[in-house]
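**Q** When you get a sec, could you give me coordinates for this:
(chains A, B, C and D)
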Protein chains: 2
Amino acid sequence: MAQLDADQFKEALRAAAGCSGLSVRKAARAVGQLYDDALAPSGIKGTQFSLLTAVGLAGEPTVSALAESLVMDRTTLSRNLQPLVRAGLLRMQTGKDKRQRRIALTAEGRAKLEASLPLWRQAQNRVSDALGEGRAARLRGDLAWLARSASAPVPGPNKT
Amino acid sequence: MAQLDADQFKEALRAAAGCSGLSVRKAARAVGQLYDDALAPSGIKGTQFSLLTAVGLAGEPTVSALAESLVMDRTTLSRNLQPLVRAGLLRMQTGKDKRQRRIALTAEGRAKLEASLPLWRQAQNRVSDALGEGRAARLRGDLAWLARSASAPVPGPNKT
DNA sequence: ATGAAAAGAATGTATATGCATATACCGGCG
DNA sequence: CGCCGGTATATGCATATACATTCTTTTCAT
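**A** Numbering: from 1, shown residues only, chains lettered A, B, ... in the order given. Below is the predicted model:
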């Protein structure tokens, strides 16, 4: 059953430890902690801060539009909105097209977001300090490129 | 309540859209999809592939040791192991110190891991192709640096 | 020895994530 | 008018993530 001998197996595992997916997830966990810690006084998580920010920037986006801008599954976003609506920070209402839900900041949501901005800035600066401004900016650029190309359809001989 | 006028608020939100935490999470979602798709024929997810790989490399690590190597909370790892144990890919047993759980690959787990390696390689190559080898390697390096420094205690004037 | 502190791991609760599927709604066609 | 295909969102299920807490076991000071 084992087609590789012990040495070959170990060698292959060492290569797999350099997995780009793992690198990104480990960094996401660590950095997520950093932002969550910094934002703790405001009572929201980094993920929720990003959601509020995206809504504030987009105005009154639909669920689908917001999900696409965040490289996130629509159903995931659908659920992630619920705690924020429950907390009174976001409002969802149907427009003319009753299938759509228009998402908007409440006054309370805007206030919470505004109060969170200095805390976010602290965390952001801590990351920039750890890498240096230049490397941090380049990293964000590479990650954005990766997010775009990874979610794009594969040019190769598979996929629908 | 709103201390910033509309223009200042929008400006601050545009800055917050450049959040490093968000960049990393977006990339993690997109890249996670890519690896999950590639690994689908083997029946395991990218997260589980990483877990099996880490166990294979470490030999018979404890939960805590494995969690640290993966920049992951122990309790998270504790739960993530359960599906793999249930699937018969991992085994957990107590040693002399009955508090510890030694984690090890089963024969089935090793076979699954070995079968997954070529699929993983496809995904890894796709990422390297998207960025170019050089940029991909540099990205992994920066992410590793970030994971280390973000999970390290803050040198500044706060924290316990 | 023994009892308290510390260490290792699991569990309760809550959010985050995505696939398969269900539900609700729009627009067009007969 | 009423059905039908397509669109927008929500739900069921499963895993991933982490904090606070609990449980067991070890260690160690007295």
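
**Q** Mind naming the longest helix for chain A?
**A** helix A:107-131 (DSSP state H).

**Q** That one near DNA strand D at all?
**A** No - on the criterion CB under 7 Å from any atom of the strand, helix A:107-131 is out of touch with DNA strand D, staying 13.7 Å away. C-beta: built from backbone N, CA, C; applies to glycine.

**Q** what comes up buried for that helix?
**A** A:109-110, A:112-114, A:116-117, A:119-120, A:123-124, A:126-128, A:130-131 (16 or more other CB atoms under 10 Å in any protein chain shown).

**Q** Give me the mean pLDDT for it.
**A** The average pLDDT for helix A:107-131 rounds to 96.

**Q** and it, is it in reach of DNA strand C?
**A** No - Helix A:107-131 does not reach DNA strand C (CB under 7 Å from any atom of the strand); its nearest approach is 13.4 Å.

**Q** From the contact counts, what lies against that helix?
**A** If contacts are counted by 3 or more CB pairs under 8 Å, 6 or more residues apart in numbering or on different chains; DSSP states H and E, helix A:107-131 sits against helix A:20-39, helix A:46-58, helix A:133-151, helix B:6-16, helix B:20-39, helix B:133-151.

**Q** State the number of residues packed around the nearest residue in space to A:A27 that is not next to it in sequence.
**A** Leaving aside its sequence neighbours, A:A27 sits nearest to B:L143 (CB to CB, 6 or more residues apart in numbering or on different chains; 4.0 Å). Using other CB atoms under 10 Å in any protein chain shown, the number of residues around B:L143 comes to 26.

**Q** how about the residues of chain A that lie near DNA strand C?
**A** Residues of chain A lying near DNA strand C (CB under 7 Å from any atom of the strand): A:45, A:47-48, A:72-73, A:75-76, A:79-80, A:83, A:86, A:96-99.

**Q** what's the lowest-pLDDT member of these?
**A** Ranking the residues of chain A next to DNA strand C by pLDDT, A:K96 lands last with 88.

**Q** That one and chain B, how far apart?
**A** 26 Å (CB to the nearest CB, to the nearest Å).

**Q** helix/strand/coil for that residue?
**A** coil (DSSP: H, G, I helix; E, B strand; the rest coil).

**Q** how many other residues sit next to A:A16?
**A** 22.

**Q** Thought B:W120 was touching it, still the case?
**A** Yes - under the contact definition of CB atoms under 8 Å, A:A16 touches B:W120, with a separation of 5.9 Å.

**Q** tell me, what's touching these two both at once?
**A** B:F49 (CB atoms under 8 Å, 6 or more residues apart in numbering or on different chains).
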